[in-house]
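1. Below are the sequence and a predicted model; questions follow.
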Amino acid sequence: MKNPLPLSIRSIQHIGIPVTNIIVSETFYKQLGFINVMQAEFLHNQEPGTCVMMKQKDMIIELYQLPGRELESIGNRKDGHIDHIAFDVPDINEAFAVLKKEGFTIAEAAPVFLNFWQNGCKYFNIIGPDGERLEFNQVL
């Protein structure tokens, strides 16, 4: 077994859940004590989607609603669906370089900027052995 990588992961940053109705899901999580701490639009296949970050204490759940046909495939599921786990990292570029050097399968060519939070964030994903996405995220 290889030694652990020189990579600083502070905590799970959030868990991303695709939803079929962002308003209904936000209301549901509010009933559990979560509050909306960030809401933003994003583009998926050139169509607008909505992302809401719900927080309770140190936990953040990312609820996101995809547009159009993408939304239909989620609505046909019988069980819930967690899309990704995101790790909070202090330096997104360093994390990207370490994982790239070690040969991990990285989904993005470089860290991606999103206009989320007050000053934005950057993220990238690696793909696990069963296709799971592990996101590395730095809030700027």
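-> Done, it's in. Quantities reported herein were computed from a predicted structural model and do not represent experimental measurements.

2. Provide a list of residue ranges in the protein with pLDDT below threshold.
-> 69-81, 129-130 (pLDDT under 70).

3. Report the central residue of the chain.
-> Geometric centre of the chain, nearest residue: Gly16, 4.8 Å, by CA atoms, centre = their mean.

4. Is that residue bridged to anything, and to what?
-> Glu62, His84 (DSSP bridges).

5. can you offset everything so residue one is 30?
-> With the count now opening at 30, the last piece we talked about shows up as Gly45.

6. is it true that it touches Gln94?
-> No: the criterion here is CB atoms under 8 Å, and Gly45 misses it with Gln94 at 11.8 Å. (Glycine included, C-beta is placed from N, CA and C.)

7. Look at Leu36 and give its secondary structure.
-> Under DSSP: H, G, I helix; E, B strand; the rest coil, Leu36 falls in the coil class.

8. quick one: contacts for it?
-> The neighbourhood of Leu36, defined by CB atoms under 8 Å, 6 or more residues apart in numbering, consists of Val118, Ala124, Val127, Leu128.

9. Dump the residues you listed to JSON lines, plus secondary structure and distance to His73.
-> Below are these laid out as JSON lines (DSSP: H, G, I helix; E, B strand; the rest coil; distance: CB to CB, whole Å):
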{"residue": "Val118", "secondary structure": "coil", "distance to His73": "24"}
{"residue": "Ala124", "secondary structure": "helix", "distance to His73": "24"}
{"residue": "Val127", "secondary structure": "helix", "distance to His73": "29"}
{"residue": "Leu128", "secondary structure": "helix", "distance to His73": "24"}
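
10. so how far is Gln85 from the residue nearest to the centre of the chain?
-> Relative to Gln85, Gly45 is positioned 16 Å away (CB to CB, to the nearest Å).

11. picking that back up, quick one: which of the contacts of Leu36 is the most crowded by neighbours?
-> Using other CB atoms under 10 Å as the neighbour test, those are led by Val118, with 26 neighbours.

12. how about the helices in the chain?
-> 51-60, 97-104, 121-130 (DSSP state H).
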